[in-house]
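Trainee: using only what follows, build the 3D model:
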Amino acid sequence: MSIYFQPTALVGAIAIAMGLSTSVSANTETQAKASTKFPLDPIVVTASRSEQNIKDVPLRIAVIDQKTIEANPILNVSELLQYDPSVYIKQSGGFGQVSEIRLRGTNAVHTLVLKDGARLNSQNNYGPLYPSFLDTTDVQQVEILKGPASVQYGSDAIGGVVQLLSKKPEKTGAEFTGIYGENKTYKSIIKANLVADNGLYAQISGQRLETDGTQIYKNQPTNQKGSFDQKGYNAKVGYSKENMIDASLSISENKGTSIFSLNHDTTKSPREFENQIINAKISYNILPNLVVSSHYANVQDKQNVIDYADHYDTKNNEADLNLRWNFTSNQNILVGTTYNDANYKTSTISNGDKSIESIGYYLQHQFRSDSFDTQLGLRLEDNERYGSHTVGQGAIRYHIAPNASIYTNIGTAFRAPSLNELYTQWGGNENLTPEKSTSYELGFDYDITDHLSSNFSIYQTKIKDLISSSGTQNKNIASAKINGGEATLKWSKDQLFVSTNYAYVNTKNEQNGYELAYRPKQTLTLNAGIENEQYGVSASLISRSKSYTNNTNSEQIAGYATVDLNAYWNVSPQIKLFTNIQNIGDVEYKTEQYNDYKDWYINGGRQASVGVTFKY
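Mentor: Have a look, this model is predicted:
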C-alpha cells in the first residue's frame, strides 16, 4: 500500500513524546484487588444498572478508561474497541468507512450500544449507529459487557453491551486540542467546564475532523481516496448532591460526510450522516436505602446516500423508570419498566414510514458479601408485533481467597427482527421470527503475585432462529452455536506494564455445518510500555487469524498483525504533547469482500499523527 509518510511534520514530536497505550491495558478489564500493587479497580455500571467494583461483577466485563481514550483523540468508537480481542470490527474500507461491531462471534445486530443508558441501536439493519460515525470527545469510559444482557436492556443484547459513559466535570476549566496526521488529517477539540460549590455543573465541547482518507479497494489506484469529515458538539448541565439527588440533561450531535466508492473506479459518492442524542436523567433518594431513577432519551440517526437515491432516518424514544431498594446491608432489589417507540423512514421500504413499540418489565436481585456476589434477574418484554417474551439470568462469583475468585452465569436473550429486515425491498420478509439465545459461561480470576494477574473464561452461546441475509430474502436459520474462550495475563510494576489478551471463538451454522462469516477464530493483543505522570511510551500489537467471508466458506481473508506506537509528554500541568502511529508497518489486509466486482475492501494503512493539548 502506498501511503506517503510525512517525516518533517512528525519526527520532532515523536522524538520528544513517546507513548501512551491505546489498548485495553494495565488499567482495564478485570484487575487485581485493591490490596495489591495494581491500579485501582474501575467502577462499572452496565452489568447491573448500578455502580459496583469490577472485581465483584459475576460476569466478564472490560473497561477502556479515560486515559486510553484521550491518548489518541482521532480514534472513533470502532478503533477503540478493536483492542479488545473479543471484539471484531468488520469495516468496509479504511478511515471513516462504515463499520460493524461483532462481539464474541455474534452478529453486529446482537451487540447493544448505549450512551449513558440511551439505546443507540436502531431499526436499520446494522444494529447501532455506525460506530465509525461516533465521536469520543465527551466519553470518559467505555464498558464492554460480554454475554447476554436482555434482562437489563431488552432486545438486541445477545452478544453483549457496549456502553459509552460521558464525562461529568470535576472542576472549572477549559482546554484545546489540535492534531495533525497523515493523509491531510486534522482534528480540533475545544472543551469548557463550569463547576459550582452548590452541586451545579455545566460542560460544552465541540470537535471538527477532516481527512483526505485512503484508497478503499485493493485494485483501486492509490491516488483515489475516500475522504471523511465530521463535526459535532456535546453539552450537559446537571445538579448533584451526594446521597440525595443526581440529575442531568445532555445533548450531543455529530454530522458529516463519508466518501465511498459507487462505481468502483471512483471514490466520489458521498454518504451524509447526522446523529443526535438527547438524554435526561434523574436519581433521587426517597429514603437512605430507597432510590428512584428515571431517564428519557431521544436518539436520531439520519443517512443520505445520494448516488443511490437512498435515505435512512431512524428515531428512538425511550423512557425508563426503576426503583432500587437496599433492604439489607448486603442485598438489594431493582424493579423497573422501559418503554420504547422505534421509528424508521427509508426509501428502501414501500408505503413510507414504519414504527414499532415495546414495553419491558424487569426485576433483579443482588447479594454481596466477602465470599459471594450474586445477581438474579427476570424480564418480560411485550413487543407490539411479536407479543411477550420472557428472559432470565443467574450469575454468581465466589471469592475463594482475597486474590482469587471463580464465577459462572447463565442467561437467555432475544432480538426482535428490525423493520429493515421485515420490510425493505432488499430481502425483506414479514414472516421472520425473533432470534432467541441461551448462553453459559465459567470464569476464573487470580492475582498470582502483587504484580501479576490473570483471568480466564470459557462460554457457549446457542442462537435459535438466527436471521440470515444470504440470498434474495432474509430468513431464519434453525440454530447456530458459538463456543469460545478468553485469557488475560497482566504484569505491572512501578512505571512498567505488560498486558496480553487472547480470544478464541468457533462458530457453526448447525443447519449446514459451515462457520459463520467474518469470525476470526483467534485474536491476540499485546501491550507493553512505561508511563508516569510526566511521560510515557508504549507499543500495542493486534493479531488475528483467517476468517471466511461467506456462508459457504468458499472465500476467506488471511490473518494479519499490526503494531501501534503511542507517546505523550506532559510539558507542564497546562501543556501536553502526544503522538500516535497506528499500523507502523503499513500492513495491508483485506477487510471485506466486494462481491459485485470480485474485489476486496482493504484497511487504511498507516496513520501517524501528532497533537498538543492546552489546559486552563
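
Trainee: for the nearest residue to Ala235 once chain neighbours are set aside, what is the enclosing helix or strand?
Mentor: Leaving aside its sequence neighbours, Ala235 sits nearest to Ile204 (C-beta to C-beta, 6 or more residues apart in numbering; 4.7 Å). (Each C-beta comes from the backbone N, C-alpha and C, glycine too.) Using DSSP states H and E, Ile204 sits in strand 200-214.

Trainee: so what's Asp156 up against?
Mentor: Val109, His110, Thr111, Leu112, Asn121, Gly127, Ser150, Arg415 (C-beta atoms under 8 Å, 6 or more residues apart in numbering).

Trainee: farthest pair within those?
Mentor: Gly127 and Ser150 (14.5 Å; C-beta to C-beta).

Trainee: please say which of these two ends up with more neighbours.
Mentor: Counted by other C-beta atoms under 10 Å, Gly127 and Ser150 do not tie: Ser150 has more neighbours, with 29 against 24.

Trainee: Lys345 against Ser355, yeah?
Mentor: No. In this structure, Lys345 is not within contact of Ser355 by C-beta atoms under 8 Å, at 9.1 Å.

Trainee: which one's more surrounded, these two?
Mentor: The residue with more neighbours, out of Lys345 and Ser355, is Lys345; 17 against 14, by other C-beta under 10 Å.

Trainee: for the more buried one, give me its contacts.
Mentor: Contacts for Lys345 were tallied using C-beta under 8 Å, 6+ apart; they are His311, Tyr312, Asp313, Thr314, Gly352, Asp353, Lys354.

Trainee: next, the buried residues of the strand holding Ile204.
Mentor: Of all the residues in strand 200-214, those buried under the rule 16 or more other C-beta atoms under 10 Å are Tyr201, Gln203, Ile204, Ser205, Gly206, Gln207, Leu209, Glu210, Thr211, Gly213, Thr214.

Trainee: of those, which is the nearest to Leu165?
Mentor: Each of the buried residues of strand 200-214 was checked against Leu165 using C-beta to C-beta; the closest is Gln203, at 13.9 Å.

Trainee: and that closest one, what does it touch?
Mentor: Asp138, Lys167, Pro169, Lys191, Ala192, Asn193, Leu194, Asn234, Ala235, Lys236.

Trainee: ditto for Asp301
Mentor: Residues near Asp301 by C-beta under 8 Å, 6+ apart: Ser122, Asn124, Leu129, Phe273, Glu274, Asn275, Tyr312, Asp313, Thr314, Lys315.

Trainee: now those residues as CSV including distance to Ser609?
Mentor: Output for the contacts of Asp301, formatted as CSV (distance: C-beta to C-beta, whole Å):
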residue, distance to Ser609
Ser122, 31
Asn124, 31
Leu129, 24
Phe273, 23
Glu274, 26
Asn275, 24
Tyr312, 31
Asp313, 34
Thr314, 32
Lys315, 35
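
Trainee: secondary structure element for the residue sitting nearest the centre point of the chain?
Mentor: The chain has Val162 as the residue nearest its centroid, 4.2 Å off, counting by C-alpha atoms, centre = their mean. Here Val162, judged by DSSP H and E, is contained in strand 160-166.

Trainee: so the helix or strand that that strand is followed by versus strand 200-214, what angle?
Mentor: Moving toward the C-terminus from strand 160-166, the next helix or strand (DSSP H and E) is strand 173-181. Here strand 173-181 points in a direction 10 degrees away from that of strand 200-214 (axes from the mean of the first three to the mean of the last three C-alpha atoms, to 10 degrees).

Trainee: ok, strand 173-181: who's next to it in the sheet?
Mentor: Strand 173-181 has the following strand partners under DSSP bridges: strand 185-195 (antiparallel), strand 607-615 (antiparallel).

Trainee: mind checking how far it is from the chain centre?
Mentor: 24 Å (C-alpha atoms, centre = their mean, to the nearest Å).

Trainee: stretch 56-70 now?
Mentor: The answer for stretch 56-70 is 11 Å, by C-alpha atoms, centre = their mean.

Trainee: how far does that stretch stretch from start to finish?
Mentor: From the first residue to the last, stretch 56-70 extends over 27 Å; the measure is C-alpha to C-alpha, to the nearest Å.

Trainee: in it, which residues are buried?
Mentor: Buried residues in stretch 56-70, counted by 16+ other C-beta under 10 Å: 56-65, 67-70.

Trainee: what's the farthest-apart pair in those residues?
Mentor: Pairwise distances among the buried residues of stretch 56-70 were taken by C-beta to C-beta; the largest, 30.7 Å, belongs to Pro58 and Glu70.

Trainee: close enough to count as contact, Glu510 and Ala478?
Mentor: Yes. Contact criterion C-beta under 8 Å: Glu510 and Ala478 qualify, at 6.4 Å.

Trainee: could the buried residues of strand 200-214 go into CSV alongside pLDDT and distance to Ala247?
Mentor: Converted to CSV, those look like this (pLDDT from 0 to 100; distance: C-beta to C-beta, whole Å):
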residue, pLDDT, distance to Ala247
Tyr201, 97, 11
Gln203, 96, 15
Ile204, 96, 18
Ser205, 95, 20
Gly206, 95, 24
Gln207, 95, 26
Leu209, 95, 32
Glu210, 95, 36
Thr211, 95, 38
Gly213, 91, 41
Thr214, 90, 44
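
Trainee: CSV for these, including distance to Thr591?
Mentor: Below are the buried residues of strand 200-214 laid out as CSV (distance: C-beta to C-beta, whole Å):
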residue, distance to Thr591
Tyr201, 41
Gln203, 36
Ile204, 36
Ser205, 31
Gly206, 31
Gln207, 26
Leu209, 21
Glu210, 23
Thr211, 18
Gly213, 14
Thr214, 12
